[in-house]
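# Just need the structure, nothing else, for what follows:
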Amino acid sequence: MEENERKIILNSFLAETAEGLSRMEGSIQALEAHPEDLEPIQVVFRVIHNVKGNAGILELKKLNLFAQTLEYLLDEIRGENPRVDAELIGQLLSSLVVLREMTAAAGEGRDEISQFGKTVLARISKSVSATHSAGWDPDRSSPQYS
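Residues are numbered from 1 along each chain as shown. So this is what the prediction gives:
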């Protein structure tokens, strides 16, 4: 991908992601107020799915991995036994902060995750069932996190 083309795609990604993360924030608030209504989970899932895909196109490996892990968690929640509790709300709010940090870094040409982001990623990874995470340790199998 040419530098100019990448810059155009990146700017579009930044605008779309900012809008999506705002929708995500509103959906988390709605979910917190009405945990029995799972439509906000669908909205959050779609936002994260778009972030993951666009991060992949832009070769933002760390952002892609973070979004993918969060997507696994959301996919499980959308499954047969949805659970919406204070722990999930906390994970989603923390993820929102991390995604905003990582998106800002991407806008400055960096694909990085903060120590806080690594902590959030580890908590999400522990919540994801063995189906998605069997043998997967983001710190060992993904050298970009070192």
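
# Tell me where the chain has helices.
3-33, 39-57, 61-77, 86-107, 115-127, 130-133, 138-141 (DSSP state H).

# List the buried residues in the third one.
Neighbour-count burial for helix 61-77, counted by 16 or more other Cβ atoms under 10 Å, picks out 62-77. (Each C-beta comes from the backbone N, C-alpha and C, glycine too.)

# and if you look at the longest one?
Buried residues in helix 3-33, counting neighbours by 16+ other Cβ under 10 Å, are found at 10, 13, 17, 20, 21, 24, 25, 27, 28, 30, 31, 32.

# That helix to helix 61-77, inter-axis angle?
30 degrees (axes from the mean of the first three to the mean of the last three Cα atoms, to 10 degrees).

# Which elements pack onto helix 3-33?
If you count contacts as 3 or more Cβ pairs under 8 Å, 6 or more residues apart in numbering; DSSP states H and E, helix 3-33 packs onto helix 39-57, helix 86-107.
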